[in-house]
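Enquirer: Below is the sequence, then the predicted model.
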Amino acid sequence: MAKLTTKTRRKLPAKDFAGPGKSYPIEDKTHAANAKARATQAVKAGRMSKAQQKTIDAKADRKLKGK
């Protein structure tokens, strides 16, 4: 996965994030897959609802499919 610096992250448009508040960056396929994995972990730990996970997964899936 390419390193995402703070400077680069700040320049990303809102569409390149899967979560609220510019969380879960998905600017490439590697980050999209990572967002899905982190969302799953957050649900299992009780830090995120299943509805939030579904939203993150849907956005990440679109990036993974190249749309």
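Expert: Perfect, thanks for sending it.
Enquirer: Is the residue nearest the centre of the chain in a helix, a strand, or coil?
Expert: Central residue of the chain (Cα atoms, centre = their mean): residue 24, 3.1 Å from the mean position. Using DSSP: H, G, I helix; E, B strand; the rest coil, the structure places residue 24 in strand.
Enquirer: I'd guessed it sits against residue 18; true?
Expert: Yes: with contact defined as Cβ atoms under 8 Å, residue 24 and residue 18 form a contacting pair (4.1 Å). Placement of C-beta: from N, CA and C, glycine included.
Enquirer: any residues in contact with both of the two?
Expert: 35, 39, 56, 60 (Cβ atoms under 8 Å, 6 or more residues apart in numbering).
Enquirer: What count of nearby residues applies to the third one?
Expert: As a burial measure, residue 56 scores 26 neighbours (other Cβ atoms under 10 Å).
Enquirer: Start at 589, not 1
Expert: Fine by me, first position is 589 from now on; the one you just mentioned is residue 644.
Enquirer: measure it to residue 611 for me?
Expert: Computed as Cβ to Cβ, to the nearest Å, the residue 644 to residue 611 distance reads 9 Å.
Enquirer: need the shared contacts of residue 612 and residue 606 in TSV with secondary structure, can you?
Expert: Compiled in TSV, the shared contacts of residue 612 and residue 606 are given as follows (three-state DSSP):
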residue	secondary structure
623	helix
627	helix
644	helix
648	helix
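Enquirer: farthest pair in those?
Expert: 627 and 648 (8.0 Å; Cβ to Cβ).
Enquirer: Spell out which residues are contacts of both of those two.
Expert: With Cβ under 8 Å, 6+ apart, residue 627 and residue 648 have common neighbours 606, 612.
Enquirer: Strands of the protein, start to end?
Expert: Taking DSSP state E as the test, the strands found in the chain are 605-607, 611-613.
Enquirer: low-scoring stretches of this protein, by residue?
Expert: 655 (pLDDT under 70).
Enquirer: tell me the helices in it, going along the chain?
Expert: 594-599, 617-633, 638-652 (DSSP state H).
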